[in-house]
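Student: Please work out how this folds:
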Amino acid sequence: MKVLFVSLASLASMVLAQNATGTSSGAFPTASPAWLADVKPVGGNVQSVPTGAVPTGPFQNSSITLAGYPTGWATPPTNSPEVTAVINAINWGIVPNSTVRTADSKGDLSFAGYDANADPDCWWSASGCTKPKHPNVAPDVVNCPTPGTWGLTYDDGPLTSDGGAYAEPHLYDFLAANNNQKASLFYIGSNVIAAPAAAQRALADGHTLCVHTWSHPPMTTKKNEEIVAEFYWTLRAIKEVTGVTTKCWRPPYGDVDDRVRAIANQMGLNTIIWDWDTNDWAMPGSGGGTLSPDTVDGYFEGWIQGRQNGSDTASGHIVLEHELNNATVSMAEKWLPQLQKTFRVVPVSQCQNDSHPYWEQNFIYPTDNGANTTVPSSAGSSAAASGTASGSAAGSSSGTKSGAATLTVSSALGAACMAVIAAFAF
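Tutor: Below is the predicted model of the structure:
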């Protein structure tokens with residue numbers, strides 16, 4: 001006879017964490033990928049989530065040497081032994097046979113011939129769809145459930161020496177100096193290899209590391225094997241550099257459909273999008289565009305006003321920002337202190353109650369169902385909310401090092417609790 005003592009709160013935490021990581025989809029793995037088992041992390045990494053002061057200032061371990069990686073900022077070859085091993089491990093029978101999309105030389109996708117109203121492939125770029133149409137595919141994470149929550153995310157990092165004075169640890173030091181703020185960071189594999197000390201610092205500072213592909217392509221334009229290669233080398237880079245095997249990713253430009261989701265899920269990755277887009281990547285700067293910073297300021301102002309005047313009460317939000325260049329970092333640092341006065345600013349893993357965003361069990365992150373969820377109270381304001389939600393792939397990317405990319409989690413708590421209890425019955 002087995003005796004089980006477990007609180008309802010513990011069961012709720014288990015179920016919510018399972019939903020948040022997509023393990024209920026049926027295709028999501030239950031253990032760390034075997035095809036990464038032989039990756040030996042470099043030294044100098046923390047072994048758990050920091051609980052106090054975090055390191056700041058110049059990097060102490062800046063001479064990390066890595067070898068055997070493909071060319072940066074290009075889709076890796078698909079015939080390497082490493083990628084072949086992953087391809088052979090995937091159950092292709094449950095991956096939708098969706099059309100491989102096309103894009104022009106500027107990276108703008110072609111929607112010719114696709115019925116966006118029927119949207120058979122839940123193609124985000126065409127329809128904004130985040131709830132899969134095919135079985136065995138986990139839904140995207142799109143927002144934070146609790147109103148007044150700001151899910152803080154930065155794409156395209158770590159910002160390498162190309163960023164000049166704004167290269168990391170510039171943003172990470174700023175976050176540490178402002179209430180030891182934590183964020184979800186969506187890393188490009190090529191940048192992790194180019195700036196490994198920055199990735200190590202991010203982990204040591206308590207941020208959550210996620211995948212943003214190896215070369216930042218529109219993923220629906222890639223063949224199945226190329227998708228695997230984009231994921232594999234980024235996962236490998238993050239694990240070799242930091243020692244963690246992450247379970248989250250964000251598609252560049254938000255470009256994802258059920259085919260890409262299904263491959264990501266089988267490689268242990270949940271898809272995280274956003275519901276508020278700052279469009280900061282489009283401001284003038286390296287890899288940027290011509291969008292006036294005043295426009296981006298207006299988005300932040302509108303979101304803050306909406307919360308203050310009581311019109312923003314339906315849910316919390318996941319917000320797309322970038323550590324792309326001096327312009328995006330400056331904008332992030334300008335607005336964070338004001339956001340902290342109005343919103344409860346947290347990483348996505350916290351608002352989604354995912355205490356284990358990595359396969360490594362020694363990293364246990366704070367969650368809303370185990371922490372104080374008090375948010376700043378709404379105050380009266382004369383201005384109405386304004387701002388932008390997610391847009392099309394062509395409209396929210398720079399085509400170079402810009403980023404883009406959310407998860408809706410539901411929980412059948414009662415049934416799941418009973419299932420857990422039944423599993424322990426004699």
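
Student: drop to CA atoms for contacts and neighbour counts, all remaining ones
Tutor: Noted.

Student: show me where the stretch 151-300 of the chain has helices.
Tutor: 170-177, 189-194, 196-204, 224-242, 258-266, 293-308 (DSSP state H, counting those that start in this stretch).

Student: for the ones you listed, which one ends up most surrounded?
Tutor: helix 258-266 (a mean of 27; mean count of other Cα atoms under 10 Å).

Student: I'd like the average pLDDT over it.
Tutor: Across helix 258-266, the average pLDDT comes to 98.

Student: tell me the angle of that helix relative to helix 224-242?
Tutor: Per axes from the mean of the first three to the mean of the last three Cα atoms, to 10 degrees, the angle that helix 258-266 makes with helix 224-242 is 40 degrees.

Student: List of residues touching helix 258-266?
Tutor: Helix 258-266 is contacted by residues 22, 27-29, 90-91, 94-98, 121-123, 132-134, 136-138, 219-220, 224, 227-228, 231, 270-271 when judged by Cα atoms under 8 Å, 6 or more residues apart in numbering.

Student: could I get it in CSV with only the CA atoms?
Tutor: Backbone C-alpha positions of helix 258-266 (Å, rounded to 0.1, in the frame of the first residue of the first chain) are rendered in CSV as follows:
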residue,chain,number,x,y,z
ASP,A,258,1.8,23.7,-36.6
ARG,A,259,4.6,22.0,-38.5
VAL,A,260,7.2,24.1,-36.8
ARG,A,261,5.5,23.9,-33.4
ALA,A,262,5.3,20.1,-33.7
ILE,A,263,9.1,19.8,-34.3
ALA,A,264,9.8,22.3,-31.5
ASN,A,265,7.7,20.3,-29.1
GLN,A,266,9.4,17.0,-29.9
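
Student: In strands only, show me the contacts of helix 258-266.
Tutor: Among the contacts of helix 258-266, DSSP state E puts N270, T271 in strands.

Student: For PyMOL, write a command that selects the buried ones of the contacts of helix 258-266.
Tutor: Here is the PyMOL command that selects the buried residues among the contacts of helix 258-266 (16 or more other Cα atoms under 10 Å):
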select buried, resi 22+27+28+29+90+94+95+96+121+122+123+132+133+134+136+137+138+219+220+224+227+228+231+270+271
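
Student: and the contacts of helix 258-266, which of them are in helices?
Tutor: Of the positions in those, N224, I227, V228, F231 sit in helices, assigned by DSSP state H.

Student: if we can go back for a sec, dump the helices of the stretch 151-300 of the chain to TSV, plus distance to P251.
Tutor: Below are these laid out as TSV (distance: least, Cα to Cα, whole Å):
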stretch	distance to P251
helix 170-177	22
helix 189-194	13
helix 196-204	19
helix 224-242	10
helix 258-266	9
helix 293-308	22
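
Student: Any idea which of those gets closest to E323?
Tutor: helix 170-177 (7.7 Å; Cα to Cα).

Student: Show me what the closest one is packed against.
Tutor: Packing partners of helix 170-177 (3 or more Cα pairs under 8 Å, 6 or more residues apart in numbering; DSSP states H and E): helix 326-342.
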